[in-house]
Structures are given as structure tokens and as C-alpha cells.
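Colleague: predicted coordinates and the sequence they were generated for:
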Amino acid sequence: MTGIARRTWLLPSMGIQGGASIDGAYMLELPHIATNPDTVQLLTEIAHFIHSADFERDESTRFDRLALDVARLQLTYNLPYRRFAKSRGLNPDKLQHWRELPPVPTDVFKVVDLTSFPLGQAVRTFRTSGTTRGQARGRHHFATLELYDAAILPMFRRYLLPDLGEDGRLPLLSLIPSPAELTDSSLSHMVGFLMPRVASEGAGYYMREGRLDAEGLARTLEPLIKDQQPVMILGTAFSFVYLFEALPGWTVQLPAGSRVMETGGLKGRVREISRPELYQLISTRLGVPEHQIVAEYGMTELSSQLYDSSLRDHWRGNGRPRRLMAPPWLKVEVVDPVTLKPVPQGSIGLVRFFDLANLFSVSSIVTSDLGRISEGGLELLGRATEAEARGCSLTTEEMLELEGGNRP
Amino acid sequence: MTIQLSSPEFLLPPVETPSPESLEQTLTRLKAEAPTLQRMTGMAVIEALSRWVTLWLQPDFFWRRQAVKALHELGDFSEPVLEEGLDELFGAWSREAMIELVTWELGAAWLEEGGQAPISLDGMSRRHISPQLVGAILAGNVPPPSLQALMAGLLVRSPVFLKASRRAPWFPAILVASLQAHVPELGACVECGVWEGEATQTTILLRSAEAVLAYGNDSTIRQLKAQCPLHTRLLGHGHRVSVAYLARESLLDNSLALMGQALARDIALYDQQGCLSPHVIVVEESGEVSVPALCEHLASVAMPEVARRWPLGQLSLGQASAQVQFKGVVSFTGELWDGEGGAVCLTEAEHFEPSCLGRVVLVKAVSGLPDALRYLEPIRHHLQGVALEADEVRWQSLALGLGAFGASRICRPGQLQAPSAAWTGDGSPVLRDLTRLVTLEP
């Protein structure tokens, strides 16, 4: 019962309203890993860190301490990860710092269930979209969504609603499907979590059953524009392209204070355009200044999100270039692709994360994204893929295109 | 547009992007050289090419030095790998090899006569007609296709235009420049240019040439076939995969060192980027040396040794990232031996998966050939070479089985990257398909 008592303590400190996603019955059925006193203690401390983190201060000391505990927990309970770490020369009993943990490449999520708990005890599994034909979808299992949910709001408010105070709300018009429709999408879950907490009257979903209701969105916007009610439109990059292609010639001037959250890539969808081109298009068609367009960077394999600083910087009168900002509980590093060691500041490498909120899966992850740390944030430079085959040997990408090609 | 490398010490030929008009003019000029070229006997062409090949086999040959520096500066290969690759490549085109190839494919008369050499005289005669122009659309950075296309075109006594790949135009340009400098009678019949693949210039080349050798991935070949006029013969060579196959009787303690070195060499040359580079070593179980012991030996002994002689080239960020992801996945789904000279991944996958390349080789244990062929089924139509090791009794039957399955070249380990002049990818003839046959029935 110790664990349950601590979790009861946790709820008010996290500011979760009225047990929106957690009720008594759920708590009594908590999976083992989340009721183990040791792990609940750590879960509680991380949740407290997320809730109380001071974005303006260097929180490295608190982060490093918690991250070392998280690393030890994962090396103890996540057996596939423990084997992986040992195969990379790590002695789990001699771990001194979280940076010693070998990062797990994101592709591993496609072939292995990386959990610190029995899979049957997962309360939710998020899956990657798997846009490439024949490619397996990555999956991220959760024993509890407490940390996931806790991580959403502070960052969203800070980078998308900095000017609206603690309780500010806007009509959220989502081009992202609802969580009821896409139950295994972490992005839909995030938007679903935000709706009751951030959205005001007029909010809704405009991507339903795989179809974009562009005309419905335009109809909803009419009275809001007439009343000069600022709105927020959330969508993936390609959903905005779909929107503008579905309504050729449609241009509006959204009320001052309106904003856009854009997420996800554009490759292979409809037609490929660059992000600056997309933002110019959004700005022109929706009448939103480009600094009011905020990029969200999230991954199924992570529990925390990064946001670009443009809206917040503009609000604060800071004119620096767009940078993706991470919360204090998510460490971002750019590493050399061969050694996986951090590169000097300003150098290009692969983006590596250590996410405290990934407590019961794996926190240390290396992506295929190229990035550079500069001006206090992450500059994302696209995927580290070959533009073309160098030689005359068949490549993995070509193999995926072959009929009968097989790749997990 | 002229592409230049950054280092000032290079004296590289400029690789021009011709305008459509200037390309038309170049191709017309080349075609005008065809009658002169076709008055030469096949043997005269071979003698001229042989002189040129001999120059290329000299380590200090000026153009060879330029090629090694240029390809190395592109960052793909180390200089020792390029030196070894060029030795193997030009070494295959000896005078004797060219005579044998021409005799084999076009008939002995081709050597002795100019014009339309008869290949049989038995009441009626059949003659190979040389094309007026052979085009080659090259792709990628490995040198062999450029030389193969050039040699094939000249051996059928046709002028040749090489369309270099935009990313790696230097080797074909250097080949052409060196031929122009040292063998003027043939140099007048070759040109090189570069442009974006879908440009108007491609249409012009496809329309002007009688035969076009096209290299690239399947979608490029498909696109070129769709674009190619009916009167032009397009011989497509798509991207391919090679493997090694080790019969259980070849897995012996006392021969492991030699076999390991041979396999490591096949993996190391061109850093696995060639169509003859093995992605996977298929190993029959129950040999004297176990499959994990073979992996261990390759990763910890053979590949590091070979890498000291032929170091890995610079990996691009994309390649390095692909290796991070690939090795990560294998660490969880199979067994990984990550050594100084590359990585060996023991896979349990039921069906073939390509390697991420850059000296990362998969090892798959099988019970025998039928099991191996089931594993290789996804690449049946893309299988190129097999480095096969077995005893004398089984080698032939296994080779025939692999050949029937889809392989176009089967050799011993260590020889994958050293094909003879008589071999071309996909199992098609080197020369014969470039010519047109006319049958005379008096």
C-alpha cells in the first residue's frame, strides 16, 4: 500500500485536475513496476521535478541525480536493455553517470518491446506512423501515463501560450485526429490531453476517419474571425498542405493573437516543400505572422516534447533565430555518429536524448535526426539519410521497395 | 557548369554540363568518327586498348594518380582501397582477356577484319553490325561500370559517350581524358559529360545512341526504359546484391585464417558499395568451426587485419547514422561483433535483409542450400555474385544451384571484387547485345 499512498500524494502536487485520467480503481490495479516502493519513489520524484522545474535556472544537478537513478532502474528491470548495455561494455554495477548509458537507436523500437515491466501490464502503447511501405512500426509501451501527461502542459503553455497566463485558453482547432480515433498515436493523445485543459469554446477535431474536413474548419473560423477571437490551429506539416490544397484560393486573416502549432515531417507526402516554404504558405493563407507559428518536435519513442522558441522569443522581444527548446527533464545532446560522444557546440551530429519521463522504457535514445546545438537550443537539420546510393549495391531503402522485400 | 574539386594540386579534366545543342553537336561528331573506328580490325582496337590498360596498371601513371586523389577526396574510399580496386579492375582487361572475350562473343573473324566481320560462313553468313554510338548512363561512385561501359563500346568499335553521375563524375572523365591523351585514335571516339538525370540531355542521348548501357537503381532503369525510343537498345544494369556461401566442409580450423582474410577482402574493397560486395555470409551449420566462432574470427582478426591494409573510407553522416541504427537493432535481435575493421552481425531473420554497408556484414546460419535459397528468396531477382567455398565435389553442384536460383557470377571467396572481363552484371553478354545482327542469305 505504500506505493498507492505515495501516488495519492503525487496527484495534488502535479496539479492534475479531478483525477481526469486516474481513478481509484485504476490505482488499485497499478502494474507491478509502478507499485514497487522504490520505483514509485522515483516516479514521484520525477513527477515533482517536472511540476516544479525552473526553466530559467540550470537544473542539471537535479537532472543528473534523477537520471542516474533512472539509469539504474532501467538496467535492473529492462532486461533487453541491460543485455544491450552490457554488450556495449557497460558494467551496470559500476554506473557513475547517466551519460555512460549506451543510447538505444530509435529503429530498435520497431523490433523489440523495450519495457521495464511485463508487456501485459502496459496501460497504453503508442506506435510510430510507419509511413514507408513494408516498414515495421515502432512501439512504445507505458506502465503509466502519469509522467507522459505531466510533461505535456508545462512546455505547451510556455512555448505556445506564454502571453496568456496560467489559465489562458484558446479555441484549439485540430487537424490531428482525436485520441478516440487514433488510440495508438502519441500525438493524438497529446492533443486529447490538451483539449480539456487549454481549449475554450469552439475547439474541435477536423481530421476524421482519415479525411480532412477543410470546409468544416473554414465554417468554424468564420464567426471566430468575425468576433476577433484568436484561435490556435494544430496540425502536422502535411495536414496544412492538404488543407490548402483542399481549399484552393481560400485565404483568411486570423484574429491577432492567433497561432499555429506545426509538427511532423513532409517527406513523401503530397509534395515535398521546405519548412520555410510551408511557414510562408501558412502565414499567407491564414494571416498569421510567421513568429506565431511554432514547431513541435515529438517522437513516439519519447515522453517529452520540444518546441521552437519563436512565439515566446517574440513575446519577450528576443529576436534570435528559431531553436527547439527542451524542458529541464529532457537532456538533448548532439553526438558524433561513430563514437556517440557529444560533439563540440555548434558541430553537426546525431540528436541524442535522455528523457526522465521515459522512466519505464528507455531514457537514452539516439535518433537519425541531424542537429546542432546553438544559441541555447537545438537546430534540427533533417534526417541523416543518404541522398542517393553511393555505389551499385542495393540499399535498404531500395530493398523496401522490392516486392516481397522483408524487413522487420 | 564545370565541377571543380577544392584541392589546387589536381589537374583534372573539367566535367562539363553540355547544353542540349552542344550535346547534339558532340554526339554528331562522335558518330562521324564511327566509320574510321570501324575500319580498324578488332585486334587493332585491342592492341590500342591494351597499351592504355598497361599504363593504368603502372602505379605512377599520371591519370591514375589523379583518379585516386579525386575519388579519395570525394570521401568515399581510402587510397589503398582505390589502388587495389584499380589494379583488379584494369588487371582484368589484359590483351589476352580481351581477345578471349571478343572471340567468345563476336567470333574470331571480328579480330581480323574491319567493317562487318562475318561470324559464320555456312551458305549464309551472319554479321555483327557495330553501333554508330554507344551511350552509357553511369551512377554511383564505384569505378568498374565506367570502365566496363567504355571497353565494351570500343571493343564493338563504336564511339562512346559516358554520362557521368552528378555526384561522382571524376572517374569517367579521367578515363576519357587519359584515352584522349595516350591513345588518340580511340580518344577521338569518346566523350564524357554530366547533367541531372531527368534533363533534356538524357532524351537526346537516348535518341542519338544505338545502344545505351544504363546503371542505377530499379526506378532509374524503369524510368529510362520508359523514356527510351524503340530504336535504341537500352541495356539496364540495376543495383544488385552479392553474398558469400560457406559449405560446412569448408569451415575448418586450419583454413579459417585464409578464408577469413578472403571474406574480409571481399567486404573491404569499395567498402561494400559495389554490386559484388557481400551483404551476408550464408554459412552451413555443423562445420568444424562453429558459426559464432567464424563471426568472432572475422570481427576480431580478419577484418581488422584487412582494414589495416585497406582502411575504410570516410563514412557520411547518413551512412554512420544508418550503422548506428542497424547495429542497434542487431544487438537486440541477433548477435553483434563490432570490431576495428567492421562489424559482423549474426542474424536470425528468416528472410534476407540488406546490410547498412560500410563493412557491416551479416552472417546467417542455414542447414543447407534449400534453406539458404529460402532465406535469399527476397533478392532472387537482384542476386549478383556469390563467393562460394566448398570442397571440389560440392562446389560445382552448389554453384549450379545458386546460378539457377539467380546469381550471375560464382567465384571463390576473395575473388568477388575481381571479375573477369568476360563477366557483366545480370548475366547478359558484355559485347553481343550492343551490336545488331544481320543475316545474309544469298
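Modeller: All right, it came through fine.
Colleague: OK, contacts around the closest residue to chain B within chain A?
Modeller: Closest approach of chain A to chain B (C-beta to the nearest C-beta) occurs at residue A:391, with a separation of 2.8 Å. Every residue, glycine included, has its C-beta placed from N, CA and C. Each residue near residue A:391 by C-beta atoms under 8 Å, 6 or more residues apart in numbering or on different chains is listed here: B:140-142, B:270, B:272-275, B:277, B:357.
Colleague: got JSON lines for these, with distance to residue B:151 too?
Modeller: Compiled in JSON lines, those are given as follows (distance: C-beta to C-beta, whole Å):
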{"residue": "B:140", "distance to residue B:151": "18"}
{"residue": "B:141", "distance to residue B:151": "19"}
{"residue": "B:142", "distance to residue B:151": "16"}
{"residue": "B:270", "distance to residue B:151": "19"}
{"residue": "B:272", "distance to residue B:151": "25"}
{"residue": "B:273", "distance to residue B:151": "21"}
{"residue": "B:274", "distance to residue B:151": "17"}
{"residue": "B:275", "distance to residue B:151": "17"}
{"residue": "B:277", "distance to residue B:151": "21"}
{"residue": "B:357", "distance to residue B:151": "27"}
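Colleague: could these go into a markdown table alongside distance to chain A and neighbour count?
Modeller: Formatted as a markdown table, those follow (distance: C-beta to the nearest C-beta, whole Å; neighbours: other C-beta atoms under 10 Å in any protein chain shown):
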| residue | distance to chain A | neighbour count |
| --- | --- | --- |
| B:140 | 5 | 26 |
| B:141 | 5 | 25 |
| B:142 | 4 | 29 |
| B:270 | 6 | 30 |
| B:272 | 7 | 24 |
| B:273 | 3 | 22 |
| B:274 | 5 | 28 |
| B:275 | 4 | 28 |
| B:277 | 5 | 29 |
| B:357 | 6 | 28 |
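Colleague: so which of those would you say is closest to residue A:125?
Modeller: Of all these, residue B:357 has the smallest distance to residue A:125: 32.5 Å, by C-beta to C-beta.
Colleague: pLDDT value on that closest one, please?
Modeller: Residue B:357 is assigned 91 on the pLDDT scale.
Colleague: with adjacent residues omitted, what lies nearest to it?
Modeller: Residue nearest to residue B:357 in three dimensions, not counting chain neighbours: residue B:272, with 4.3 Å by C-beta to C-beta, 6 or more residues apart in numbering or on different chains.
Colleague: for residue B:432, see how far away residue A:246 is.
Modeller: From residue A:246 across to residue B:432, the span is 55 Å (C-beta to C-beta, to the nearest Å).
Colleague: quick one: low-confidence parts of the stretch 1-150 of chain B?
Modeller: Within the stretch 1-150 of chain B, the set of residues satisfying pLDDT under 70 comprises B:1-12, B:115-123.
Colleague: same deal with the stretch 201-350 of chain B?
Modeller: Low-confidence segments of the stretch 201-350 of chain B (pLDDT under 70): none present.
Colleague: picking that back up, in this structure the residue nearest to residue B:357 contacts residue B:354, no?
Modeller: No. Using C-beta atoms under 8 Å as the test, residue B:272 is too far from residue B:354 to be in contact (10.1 Å).
Colleague: the stretch 51-200 of chain A: helices as residue ranges?
Modeller: Counting by DSSP state H, counting those that start in this stretch, one finds helices in the stretch 51-200 of chain A at the ranges A:60-77, A:79-87, A:146-160, A:186-198.
Colleague: which one of the ones you listed lies closest to residue B:329?
Modeller: Between residue B:329 and the helices of the stretch 51-200 of chain A, the shortest separation by C-beta to C-beta is 10.6 Å, and it involves helix A:79-87.
Colleague: in the closest one, what counts as buried?
Modeller: A:80-82, A:84-85 (16 or more other C-beta atoms under 10 Å in any protein chain shown).
Colleague: next: stretch A:280-288.
Modeller: Within stretch A:280-288, the residues scored as buried using 16+ other C-beta under 10 Å are A:282-283, A:285-288.
Colleague: so how far is residue A:185 from residue A:159?
Modeller: From residue A:159 across to residue A:185, the span is 21 Å (C-beta to C-beta).
Colleague: same check on residue B:269?
Modeller: Using C-beta to C-beta, which is the criterion applied here, residue B:269 is 46 Å from residue A:185.
Colleague: for stretch A:299-318, measure first residue to last.
Modeller: Taking C-alpha to C-alpha, to the nearest Å, the first and last residues of stretch A:299-318 lie 28 Å apart.
Colleague: lowest-confidence helix or strand of chain A?
Modeller: helix A:2-14 (a mean of 31; mean pLDDT, DSSP states H and E).
Colleague: of residue A:159 and residue A:185, who's got more company?
Modeller: More neighbours surround residue A:159 than the other of residue A:159 and residue A:185, with 25 against 20 (other C-beta atoms under 10 Å in any protein chain shown).
Colleague: pretty sure that one contacts residue A:315?
Modeller: No. Between residue A:159 and residue A:315 there is no contact under C-beta under 8 Å: 10.0 Å.
Colleague: ok, back up a step: so which of the buried residues of stretch A:280-288 sit within helices?
Modeller: Among the buried residues of stretch A:280-288, the residues falling in helices (DSSP state H) are A:282-283, A:285-286.
Colleague: can you list these in JSON lines and add pLDDT?
Modeller: Listed next are those as JSON lines, based on pLDDT from 0 to 100:
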{"residue": "A:282", "pLDDT": "97"}
{"residue": "A:283", "pLDDT": "97"}
{"residue": "A:285", "pLDDT": "97"}
{"residue": "A:286", "pLDDT": "98"}
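Colleague: between those, which sits nearest residue A:229?
Modeller: Nearest member of these to residue A:229, counting by C-beta to C-beta, is residue A:286, at 14.3 Å.
Colleague: measure how buried the spatially closest residue to the closest one that is not a sequence neighbour is and give me the count.
Modeller: Spatial nearest neighbour of residue A:286, excluding adjacent residues (C-beta to C-beta, 6+ apart): residue A:254 at 5.3 Å. Neighbour count of residue A:254, defined by other C-beta under 10 Å: 23.
Colleague: report the contact partners of residue A:254.
Modeller: A:221, A:225, A:230-231, A:286-288.
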